[in-house]
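J.: Sharing a model prediction with you, sequence too.
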Amino acid sequence: QVQVVESGGGLVQAGDSLRLSCVASGGTFSTYDMGWFRQPPGKEREFVAAIRRIGGQTSYADSGKGRFTISRDNAKNTVYLQMNRLKPEDTALYYCAVGRGIILSNIRAAGAYNSWGQGTQVTVSS
């Protein structure tokens, strides 16, 4: 059983930065594919970014390209989401997800991930 815990959310102003962290414990972190998803108020959960277990290949939603950076530190069992130039439309509950053996074409699909955290709230004021 993998435990997933996110942190780093908060209330910021438009243009500010935040770094979200996610610790996944209970297994071999280096073998996991890791993803970040978000759920804006009143909307469906959506893909934000992912980083694969092999080679650290990354994938981003168009909404975050050029502003968000996902990275991982296998020694700390942690994945990060650096978010710069935040916009009010980035306001959402951000979830970290853990997957195993996800093929590249599925890396953006929430259903491909096995374990999820409780989420961390990010609120961006205008």
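T.: All right, it came through fine. Numbers count the residues shown, from 1 in each chain.

J.: How many residues are close by Ala14?
T.: 13 (other Cβ atoms under 10 Å). In this view, the C-beta of every residue, glycine as well, is placed from N, C-alpha and C.

J.: quick one: contacts for the residue nearest to it when sequence neighbours are not counted?
T.: Counting by Cβ to Cβ, 6 or more residues apart in numbering, Ala14 lies nearest to Ser126, which is 5.3 Å off, once chain neighbours are set aside. The contact partners of Ser126, by Cβ atoms under 8 Å, 6 or more residues apart in numbering, come to 13-14, 88.

J.: Give me the pLDDT for Leu104.
T.: Looking at Leu104, its pLDDT reads 88.

J.: From Ile51, how far out is it?
T.: 12 Å (Cβ to Cβ, to the nearest Å).

J.: now swap in Gly111 and tell me
T.: On the measure of Cβ to Cβ, Gly111 and Ile51 end up 18 Å apart.

J.: Could you do Asp33 as well?
T.: Using Cβ to Cβ, Asp33 is found at 7 Å from Ile51.

J.: Check which helix or strand the most centrally placed residue in the chain maps to.
T.: The chain has Trp36 as the residue nearest its centroid, 2.0 Å off, counting by Cα atoms, centre = their mean. Trp36 is part of strand 32-39, with elements assigned from DSSP states H and E.
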